[in-house]
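A.B. asks: What would the 3D arrangement of this be:
(chains A and B)
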Protein chains: 2
Amino acid sequence: MSHTTPEVTVRLATESPDRSYPIHIGRGLLSQGNVLRSLVGNRSVCLVTNVTVAPLFQSSILDALHDTGTTGRKVTVVELPDGEEHKTLASYERILTAALEDQHERSAVFIALGGGVIGDMTGFAAASFLRGADFIQVPTTLLSQVDSSVGGKTGVNHPMGKNLIGAFHQPIGVIIDTVTLETLPDREYAAGMAEVIKYGLIADANFFDYLIQHTEALLGRDEALVAEVIARCCAIKADVVKRDEREGGVRAILNFGHTFGHAIEKEQGFGVWLHGEAVAAGMSIAARISAGRGAISDDTVMTLTNFLHAFSLPTKAPDGMGMEAFMSAMQGDKKVQAGQIRYVLLESLGQAFVSSGLNESEIARNL
Amino acid sequence: MSHTTPEVTVRLATESPDRSYPIHIGRGLLSQGNVLRSLVGNRSVCLVTNVTVAPLFQSSILDALHDTGTTGRKVTVVELPDGEEHKTLASYERILTAALEDQHERSAVFIALGGGVIGDMTGFAAASFLRGADFIQVPTTLLSQVDSSVGGKTGVNHPMGKNLIGAFHQPIGVIIDTVTLETLPDREYAAGMAEVIKYGLIADANFFDYLIQHTEALLGRDEALVAEVIARCCAIKADVVKRDEREGGVRAILNFGHTFGHAIEKEQGFGVWLHGEAVAAGMSIAARISAGRGAISDDTVMTLTNFLHAFSLPTKAPDGMGMEAFMSAMQGDKKVQAGQIRYVLLESLGQAFVSSGLNESEIARNL
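C.D. replies: A predicted model of the protein is given here:
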């Protein structure tokens, strides 16, 4: 396993130049601390993390922040319970109350140390703290490294569905330390791989082939390879987001597998299936529908299925979850427009499009 | 009293053209309904109001929305309790839950029918509903008509202070029907007049003189005069906001009287003093400090005091609220920067500036 992965910087050029930010990827970035320090400057910090991640990486962050020259920096730590079921307005309020009680100012920097749940909640809290403070993403799961930490979507769940309350708020930087993957449980690692293969399916057929060819090395978590893969995913996502920050159009293709996936998560109860697991099943359904229309070959579907199975990811709807449950769960999704559920399908391998014209039988026979 | 006031349209040209919006001021705009209908189009609506305002104007809005041609429009009504003490995350959550349970889509339009509390909460709910929906301000108090409905500041209070959680989110339009002032209690009307005279003090000496000369007619609520005054206030505020939407600089002058005012509101308990009453006292304190520095004359301070007294507004800190209580309350204000409390003072009548260099004795002797 390589221990010298390159540090990659992706610049996200959205509409205004001040909304560009670097994504640093490398081994040991947290313990080195200089990237974090240069982003934070001498400002006060509200560090948000969870009970699982805190014992692993919190001390690196605190050490970096309390380096000489910045003694006396105010740092508030908010430690939340772990899990999608805690991605609520109540947790969001806890973050804000902690920051307000410690009397941070508008210049404070929020740091999200954890997976997508922590990143989304912290980003939303930062967006609304005194009407807008800066935040930094320090994603510690593969899934959040390749997906939720890039692009500025923040928010919390509501009993009616996932991510229904939130804001578009871009971080001032993303720090991806590949060391965090060493302690990531297999199930979480696999869930991230579902989002990784998604980028191949929707945007880059060569990347899809590359991933398939390197299945074994990915299973073995070859660190240099994984770092490269993360960088490629971030670059694809940044490219899509810069063309459509607020999801007026092309950004919707990133939701490939997510309409079905969110329905599964909601039906099962948040946190029962991991987000990446639900997306794996949702992508498989969408891929089979696409194949049924002749857009991709049955071979490609089989290749995808085998890849997902290699990571013990599901490729079908949960037992007993039928058409009716899907339709009812999907009606409440953010992606509904003018009463039509919007599905993302493939028009070929590496090319996706948004469709609202799916008939129920097409869905039913591919669940 | 005139019954034909002109309809005024102020265009707020912020950084991007799609953030301009009209402010319609006129008599009978709600019962006519066409302005509202043209802003809403055929979209679904989430109407947020309170128990005081609902019986007065809700039916006009519903009639306008259910006009022929738009039968079947989905309209959700959220009726909240009245008062600053209900400007909380809990009320914000009630709005979002109602909108989500009725399965509104991102294209839904939120309408805020009420005073500043309703407007601020509805705007923040719209800002975070599915990460951003449109909203329309229909302010029904003088204070919200001349102040909070323009400029896009939205949010809720927190036990630590006022408006500490929120977003910058501009409405797609503001509809000010002067009919709403007929049922406005005297105390609320007077509170609005505090913000009106503020615009003269900070931005327009001629407007200040004009208001003083028309004190009697303003006390009599001369409708044509009040409509003109509202338009002038909106124009001043729009001009300041368009130069500095996010309060990086000049916008801060709008906070004249507010640093002391917020401290009073917080110390007394939200809702005990009306916001405009606290601002009246805060402005008086700031004006006396400014006069103590020779920036304005003692005559001007006396003229201001007499004007405020004519409307039964306070011009001093509450009995028993001393220096210590002010300093402790002000430390938690959003306007604190690098540990320094920022005060807005006058450099002359009609000109304000932001100062952080106030010594405590200057404050203490002017409370």
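A.B. asks: List, one by one, the residues from the stretch 1-150 of chain A near chain B.
C.D. replies: For the stretch 1-150 of chain A, the residues in contact with chain B under the definition CB under 8 Å from any CB of the partner chain are A:89, A:93, A:96-97, A:100-101, A:103, A:105-107, A:124, A:127-132. Where C-beta positions appear, they are placed from N, C-alpha and C, glycine not excepted.
A.B. asks: and those residues, which of them are in helices?
C.D. replies: Applying DSSP state H to the residues of the stretch 1-150 of chain A next to chain B, the entries found in helices are A:89, A:93, A:96-97, A:100-101, A:124, A:127-128.
A.B. asks: domains in chain A, as residue ranges please.
C.D. replies: Following automatic domain parsing, one finds the domains of chain A at A:8-183, A:186-364.
A.B. asks: and among those, the most buried is which?
C.D. replies: Among those, judged by mean count of other CB atoms under 10 Å in any protein chain shown, the one packed with the most neighbours on average is domain A:8-183 (a mean of 21).
A.B. asks: any weak-confidence spans in the stretch 51-200 of chain A?
C.D. replies: A:68-71 (pLDDT under 70).
A.B. asks: All the strands of the stretch 101-250 of chain A, residue numbers only.
C.D. replies: Counting by DSSP state E, counting those that start in this stretch, the segments of the stretch 101-250 of chain A that form strands are A:109-114, A:134-139, A:153-158, A:161-168, A:173-177.
A.B. asks: Check the gap between the closest residue to residue A:204 other than its chain neighbours and residue A:242 for me.
C.D. replies: Taking CB to CB, 6 or more residues apart in numbering or on different chains as the measure, residue A:204 lies nearest to residue A:350, with 5.4 Å between them; neighbours along the chain are not counted. Look at residue A:350 and residue A:242: by CB to CB, to the nearest Å, they are 19 Å apart.
A.B. asks: Let me know the pLDDT of the nearest residue to residue A:323 once chain neighbours are set aside.
C.D. replies: In space, not counting the residues next to it along the chain, residue A:323 is nearest to residue A:364; the distance is 4.6 Å by CB to CB, 6+ apart. What the model reports as pLDDT for residue A:364 is 90.
A.B. asks: Would you quantify the distance from residue A:364 to residue B:304?
C.D. replies: With CB to CB as the criterion, residue A:364 and residue B:304 are 73 Å apart.
A.B. asks: Repeat that for residue A:228.
C.D. replies: Note on residue A:228: its distance to residue B:304, by CB to CB, is 68 Å.
A.B. asks: Looking at the ones in helices among the residues of the stretch 1-150 of chain A next to chain B, spot the one nearest chain B.
C.D. replies: Lowest distance from chain B to those (CB to the nearest CB) belongs to residue A:100, with 4.1 Å.
A.B. asks: Verify the stated contact: that closest one with residue B:161.
C.D. replies: Yes: using CB atoms under 8 Å, residue A:100 makes contact with residue B:161 at a distance of 7.4 Å.
A.B. asks: who does the lengthiest helix in chain A touch, helix- and strand-wise?
C.D. replies: Using DSSP H to assign secondary structure, the helix with the most residues in chain A is helix A:223-243. Identification of packing neighbours for helix A:223-243 by 3 or more CB pairs under 8 Å, 6 or more residues apart in numbering or on different chains; DSSP states H and E yields strand A:8-9, strand A:23-26, strand A:173-177, helix A:186-203, helix A:205-213, helix A:215-219.
A.B. asks: quick revisit: spit out the contact partners of the residue nearest to residue A:204.
C.D. replies: Under the criterion of CB atoms under 8 Å, 6 or more residues apart in numbering or on different chains, the contact list for residue A:350 reads A:200-208.
A.B. asks: For the residues you listed, work out which two are farthest apart.
C.D. replies: When those are compared pair by pair using CB to CB, the two farthest from each other are A:202 and A:206, 13.2 Å apart.
A.B. asks: Distance check, residue A:268 against chain B.
C.D. replies: 19 Å (CB to the nearest CB, to the nearest Å).
A.B. asks: make that residue A:278, sorry
C.D. replies: Going from residue A:278 to chain B by CB to the nearest CB gives 20 Å.
A.B. asks: CA atoms of the host helix or strand of that residue as CSV?
C.D. replies: Assigned by DSSP states H and E, residue A:278 falls within helix A:275-292. Output of helix A:275-292 as CSV, limited to C-alpha atoms (Å, rounded to 0.1, in the frame of the first residue of the first chain):
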residue,chain,number,x,y,z
HIS,A,275,-27.6,5.7,2.1
GLY,A,276,-25.1,4.0,-0.3
GLU,A,277,-26.8,0.7,0.1
ALA,A,278,-30.1,2.2,-0.9
VAL,A,279,-28.4,4.0,-3.8
ALA,A,280,-26.8,0.7,-4.9
ALA,A,281,-30.3,-0.9,-5.1
GLY,A,282,-31.8,2.2,-6.7
MET,A,283,-29.0,2.4,-9.4
SER,A,284,-29.5,-1.3,-10.2
ILE,A,285,-33.2,-0.7,-10.7
ALA,A,286,-32.6,2.3,-12.9
ALA,A,287,-29.9,0.4,-14.8
ARG,A,288,-32.3,-2.5,-15.5
ILE,A,289,-35.0,0.0,-16.7
SER,A,290,-32.4,1.6,-18.9
ALA,A,291,-31.4,-1.8,-20.3
GLY,A,292,-35.1,-2.6,-20.9
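A.B. asks: what's that helix packed up against?
C.D. replies: With contacts defined as 3+ CB pairs under 8 Å, 6+ apart, helix A:275-292 has these neighbours: helix A:186-203, helix A:258-268, helix A:298-310, strand A:343-348, helix A:360-364.
A.B. asks: could you redo the last one with a cut-off of 10 Å?
C.D. replies: When contacts are defined as 3 or more CB pairs under 10 Å, 6 or more residues apart in numbering or on different chains; DSSP states H and E, helix A:275-292 packs onto helix A:116-128, helix A:142-143, helix A:186-203, helix A:258-268, helix A:298-310, strand A:343-348, strand A:351-355, helix A:360-364.
A.B. asks: Show me the one of the ones you listed that comes nearest residue B:20.
C.D. replies: Within those, the stretch nearest residue B:20 is helix A:116-128; the backing value is 23.3 Å (CB to CB).
A.B. asks: Point out the residues in the stretch 151-300 of chain A that sit beside chain B.
C.D. replies: Applying CB under 10 Å from any CB of the partner chain, one finds that the stretch 151-300 of chain A approaches chain B through A:152-156, A:158-161, A:163-169, A:246-247.
A.B. asks: Pop out the phi and psi values for residue A:49.
C.D. replies: When read as degrees, to the nearest 10, the backbone of residue A:49 gives phi -150, psi -170.
A.B. asks: beta partners of it?
C.D. replies: Residue A:49 forms beta bridges with residue A:79, as assigned by DSSP bridges.
A.B. asks: That one contacts residue A:59, doesn't it?
C.D. replies: No: judged on CB atoms under 10 Å, residue A:49 makes no contact with residue A:59 at a distance of 11.1 Å.
A.B. asks: related to what we said a few turns ago, put the alpha carbons of the longest helix of chain A into CSV.
C.D. replies: What follows is helix A:223-243 as a C-alpha-only set of coordinates in CSV (Å, rounded to 0.1, in the frame of the first residue of the first chain):
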residue,chain,number,x,y,z
GLU,A,223,-4.6,3.6,-0.8
ALA,A,224,-3.0,5.3,-3.9
LEU,A,225,-5.7,3.9,-6.1
VAL,A,226,-8.5,5.0,-3.8
ALA,A,227,-7.0,8.5,-3.6
GLU,A,228,-7.0,8.7,-7.4
VAL,A,229,-10.5,7.4,-7.5
ILE,A,230,-11.7,10.0,-5.0
ALA,A,231,-10.0,12.8,-7.0
ARG,A,232,-11.7,11.6,-10.2
CYS,A,233,-15.1,11.5,-8.5
CYS,A,234,-14.7,15.0,-7.0
ALA,A,235,-13.6,16.3,-10.4
ILE,A,236,-16.7,14.8,-12.1
LYS,A,237,-19.0,16.2,-9.4
ALA,A,238,-17.3,19.6,-9.4
ASP,A,239,-17.8,19.8,-13.2
VAL,A,240,-21.5,19.0,-13.0
VAL,A,241,-22.1,21.3,-10.0
LYS,A,242,-20.3,24.3,-11.6
ARG,A,243,-22.6,24.0,-14.6
